[in-house]
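Undergrad: Predicted model, plus sequence, below.
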Amino acid sequence: MTTEQKTGGQILPITRWGAPVMHARTRPVTDFDESLSALVDDMFATMYAAEGVGLAATQVGLDLAVFVFDCPDDDHVRHRGVVCNPVVELPEGKERHLETIDEGCLSLPGAYIELARPDHAVCRGQDVEGRPVEVTGTGLLARCLQHETDHLNGTVFGDRLSGRARKKLYALHEDLSDTYPEDWPVSPRDQRYDDEDEED
Ligand code: ZN
């Protein structure tokens with residue numbers, strides 16, 4: 001079963017860091033109509049094709065406050081959904097625990113670097129039909145909810161890094177960027193480079 005059969009959506013090219021839409025606040029979703037539902041299907045298809053756990057509308061070139069996710073939490077339970085107009089609530093004081101693990105972004109493919117984030121997040125917004133939705137995330141899901149909501153506020157995770165770490169992240173991406181076609185994941189990644197990597 002292909003992803004396209006599963007979502008009914010169309011795979012779209014993923015927008016990269018540096019495109020203006022990636023670095024500006026998005027418009028709120030106000031029309032929960034068929035075109036939103038079609039966009040969400042396309043976003044799921046694109047996320048699965050890119051083997052990601054979350055995707056924001058800005059990553060398919062749209063300044064609209066909606067993201068999709070299919071991501072495991074700390075107990076390896078997968079959560080799949082859509083959040084429009086997301087607002088993230090993070091623990092404060094004694095409840096706040098930072099977790100430092102590698103983070104990556106489909107809009108800077110191939111590069112991962114450590115980033116500390118709270119290990120628990122609650123994300124509130126609306127689903128694709130405009131009903132209130134609340135997603136509680138631990139582990140990778142907590143990170144995903146923060147990362148995707150950041151996107152819709154015009155923030156990429158590189159903005160949360162030190163200058164030095166950001167430089168390293170770009171260098172990692174640069175090493176692999178040739179393996180990602182411009183319209184990736186519409187055209188698949190060039191896997192030949194993986195073999196070369198193994199020989200190194
Ligand atoms: Zn991202």
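TA: Perfect, I can see it now.
Undergrad: Quick one: low-confidence residue ranges for the protein.
TA: 1-7, 192-200 (pLDDT under 70).
Undergrad: Which secondary structure elements does the longest strand seen in the chain sit against?
TA: When the chain is scanned for its longest strand (criterion: DSSP state E), the result is strand 78-89. For strand 78-89, the packing partners by 3 or more C-beta pairs under 8 Å, 6 or more residues apart in numbering; DSSP states H and E come out as strand 66-72, strand 120-126, strand 132-138, helix 139-152. Using the backbone N, CA and C atoms, a C-beta is placed for each residue, glycine as well.
Undergrad: just checking, next helix/strand downstream of it?
TA: Using DSSP states H and E, the helix or strand that follows strand 78-89 in sequence is strand 98-104.
Undergrad: Work out the sheet partners of the longest strand of the chain and label each with its direction, please.
TA: When sheet partners are counted by DSSP bridges, strand 78-89 sits next to strand 66-72 (antiparallel), strand 120-126 (antiparallel).
Undergrad: Could you say which one of these comes nearest to L161?
TA: Proximity to L161 (C-beta to C-beta) singles out strand 120-126 among these, at 19.0 Å.
Undergrad: Kindly tell me how buried T179 is, as a neighbour count.
TA: Burial of T179 is recorded as 17 neighbouring residues (other C-beta atoms under 10 Å).
Undergrad: Sorry, wrong one. I was asking about T136.
TA: With other C-beta under 10 Å as criterion, T136 counts 15.
Undergrad: T46 too?
TA: Counted with other C-beta under 10 Å, the neighbours of T46 add up to 26.
Undergrad: which element is it on?
TA: Secondary structure (DSSP H and E) places T46 in helix 34-49.
Undergrad: Alpha carbons of stretch 90-103, in CSV - could you do that?
TA: Output of stretch 90-103 as CSV, limited to C-alpha atoms (Å, rounded to 0.1, in the frame of the first residue of the first chain):
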residue,chain,number,x,y,z
LEU,A,90,4.9,24.2,28.1
PRO,A,91,5.5,23.2,31.7
GLU,A,92,7.0,25.8,34.0
GLY,A,93,9.0,25.8,37.2
LYS,A,94,9.5,22.3,38.8
GLU,A,95,7.5,20.7,36.1
ARG,A,96,9.8,21.8,33.4
HIS,A,97,12.4,19.2,32.2
LEU,A,98,14.6,19.8,29.2
GLU,A,99,15.5,16.9,27.0
THR,A,100,18.5,17.2,24.6
ILE,A,101,18.3,15.0,21.5
ASP,A,102,19.1,15.4,17.8
GLU,A,103,16.5,17.4,15.9
